[in-house]
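Participant: Compute the structure for the input listed below.
(one chain, ligands or ions: 1)
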Amino acid sequence: MGMFERDTDIYRDRDALREDYQPEQLVGRDEELDTYRAALQPVINGEQPNNVFLYGKTGVGKTAATRYLLQHLQEDAAHYDDIELTVVALNCDGLTSSYQVATRLVNEFRDDTEQISTTGYPRASVYEMLWNELDECGGTILIVLDEVDHVEDDSILYQLPRARANGNLSTAKIGIVGISNDFSFRDDLSPKVRSSLCEQEIHFPAYDATDLQKILEQRVEVAFHDGVLDPGVIPLCAAYGAKDAGDARQSIDLLMKAGDLARDDDTERVAEEHVERGRRALERGRIKEGITGLTQHGHLVLYALLTLDLENEAPVRSRDVRPRYTRFAEMADRDPLVPRRMRDHLSELAMLGIISVTERNEGRRGGTYREYALDMDVDLLLDAMADTVQDVGVHQSVKEFLVEDPNDDFTDARVTDFAED
Ligand SMILES: Nc1ncnc2c1ncn2[C@@H]1O[C@H](COP(=O)(O)OP(=O)(O)OP(=O)(O)O)[C@@H](O)[C@H]1O
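Facilitator: Modelled structure (predicted):
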């Protein structure tokens, strides 16, 4: 037998749990799909399409619904000789300006040899190129702008829906589908942009546990062999998903993690215990990502709190974190932030779920104040802010976690005497 052997006991088609899998049916979204379908109906009638704006939290099926309906729309439009439908989908993540969106759209319509660069043209001439491309393409063109809230100026969101009314287009009929999970984005749009971009708004609410259970059941049929899941597995993944954010992506990821752990264990069944372990592993991944994304001052505040916690000083008030934070900042050669900015970092850490915060009341005369503590795995935290710990030095309280491990990078790190703080 070779080094690799195919294992197929658990999964029938694991790819069905991946992000890029498009389910054949969307479960429990009938109402939203009806409204969305009605908004796209003018395309089949050969009329000017409505602009549609979809909003809702992450993982609630906005993109899946769009892919599903547009695929059907394209198939059905092909049966009508007088309809030429083109769909262009753009994810605006990383495209911060209208200019960038416009150049990307121009390039979507051009051959590889005629692509324009994303800088260097006056904006008006990029728009001019865009109108030419759109008119040359002709027919009905639906432009999907996913994560549209990443675009910081609204020029393109104003120009595109009005291009025909403003005389920039003569043949093409344009419809925009904007998708966003930022609730404030719509409210912050200027009224003139909002009225054209959001002609038809469709809200996708978060899923509850029952919805998630149905979505998971549908996926399980494709992804797993019959009967390999213990009966409690789907309800547990759905319950966690509903508790966290009502996000289908998160529940599907958890199910896949549980399946992978069962596979690694060489068992033939996925059990609730795999879901529990999977959840902890995903949680660790998320926390680690959260910490890695913080600035160094965020790390310094967290490191200070961690050491206080290990010395049994937590829960601790912000003013009592401050001396140690200041000391650590100095050790790392950084100017300490003013108290208010340091508190902002504590709030951010709490928001990310890395530290816990408790509101306390000072008694009849006093106001309220907040106390902070850690409820995270020390190794995980130290690992995620390793560079900062190197810069500051190893505090006595974390020494046992770092220095005694011969495999650790910190074996030779300086153990600093922080006695004076
Ligand atoms: N109603 C549903 N039925 C089946 N699968 C679903 C349903 N809703 C969401 N999913 C699945 O959940 C995952 C996340 O959905 P989707 O990408 O559509 O979310 P989204 O609302 O667009 O999120 P984001 O704002 O983060 O882009 C996808 O794998 C999708 O196939």
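Participant: list the buried ones in stretch 264-280?
Facilitator: Using 16 or more other C-beta atoms under 10 Å as the test for burial, stretch 264-280 gives 270, 271, 272, 274, 275, 277, 278, 279. For the C-beta atoms, the positions are set from N, CA and C on the backbone; glycine is no exception.
Participant: Can you tell me how far the last one is from residue 239?
Facilitator: Distance of residue 279 to residue 239, given as C-beta to C-beta, to the nearest Å: 11 Å.
Participant: so residue 353, which of the three states?
Facilitator: Judged by DSSP: H, G, I helix; E, B strand; the rest coil, the three-state class of residue 353 is coil.
Participant: who touches stretch 203-223?
Facilitator: Contact with stretch 203-223 is made by 11-14, 16-17, 23, 25, 27-29, 32, 54-57, 60-62, 65, 229, 234-235, 237-239, 241-242, 245-248, 251-252, 255-256, 259, as judged by C-beta atoms under 8 Å, 6 or more residues apart in numbering.
Participant: Any figure for the gap between residue 343 and residue 357?
Facilitator: From residue 343 to residue 357 the distance is 11 Å (C-beta to C-beta).
Participant: the more surrounded of those two?
Facilitator: Of the pair residue 343 and residue 357, residue 343 is the one with more neighbours under other C-beta atoms under 10 Å, namely 18 against 15.
Participant: Setting aside sequence neighbours, what's the nearest residue to that one?
Facilitator: In this structure, residue 343 finds its nearest non-sequential neighbour in residue 318, 5.0 Å apart by C-beta to C-beta, 6 or more residues apart in numbering.
Participant: that older thread, mark which of the contacts of stretch 203-223 are buried, thanks.
Facilitator: By neighbour count, with 16+ other C-beta under 10 Å, the contacts of stretch 203-223 hold 11, 14, 16-17, 23, 27-29, 32, 54-57, 60-62, 65, 229, 234-235, 237-239, 241-242, 245-248, 251-252, 255-256, 259 as buried.
Participant: Could you list which of these belong to strands?
Facilitator: Judged by DSSP state E, the buried ones among the contacts of stretch 203-223 include 54, 55 as members of strands.
Participant: overlap between the buried ones among the contacts of stretch 203-223 and the residues near the ligand?
Facilitator: Subset of the buried ones among the contacts of stretch 203-223 in contact with the ligand: 23, 27, 28, 29, 56, 60, 61, 62, 248, 252, counting by C-beta under 6 Å from any ligand atom.
Participant: got a list of what the third one touches?
Facilitator: Contacts of residue 28 were listed using C-beta under 8 Å, 6+ apart, and they are 207, 211, 214, 215.
Participant: which strands and helices sit next to the host helix or strand of residue 345?
Facilitator: Here residue 345, judged by DSSP states H and E, is contained in helix 339-351. Here helix 339-351 touches helix 296-310, helix 318-331, strand 355-361, strand 368-374, going by 3 or more C-beta pairs under 8 Å, 6 or more residues apart in numbering; DSSP states H and E.
Participant: Deepest-packed of those, please.
Facilitator: Across the helices and strands packed on helix 339-351, the average number of neighbours (mean count of other C-beta atoms under 10 Å) peaks for helix 296-310, which reaches a mean of 24.
Participant: residues in contact with stretch 81-90?
Facilitator: Here stretch 81-90 makes contact (C-beta under 8 Å, 6+ apart) with 43-44, 46, 66, 70, 73-74, 77, 101, 104-105, 108-109, 137-146.
Participant: contacting residues for residue 71?
Facilitator: Contacts for residue 71 were tallied using C-beta under 8 Å, 6+ apart; they are residue 22.
Participant: for the ligand, what are the nearby residues on this structure?
Facilitator: 19, 23, 26-29, 56, 58-64, 181, 215, 248-249, 252.
Participant: among these, which are in helices?
Facilitator: Among the residues of the chain next to the ligand, the members falling in helices (DSSP state H) are 62, 63, 64, 215, 248, 249, 252.
Participant: Now render the residues you listed as CSV, adding pLDDT.
Facilitator: Shown next, in CSV, are these (pLDDT from 0 to 100):
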residue, pLDDT
62, 95
63, 94
64, 95
215, 96
248, 95
249, 94
252, 96
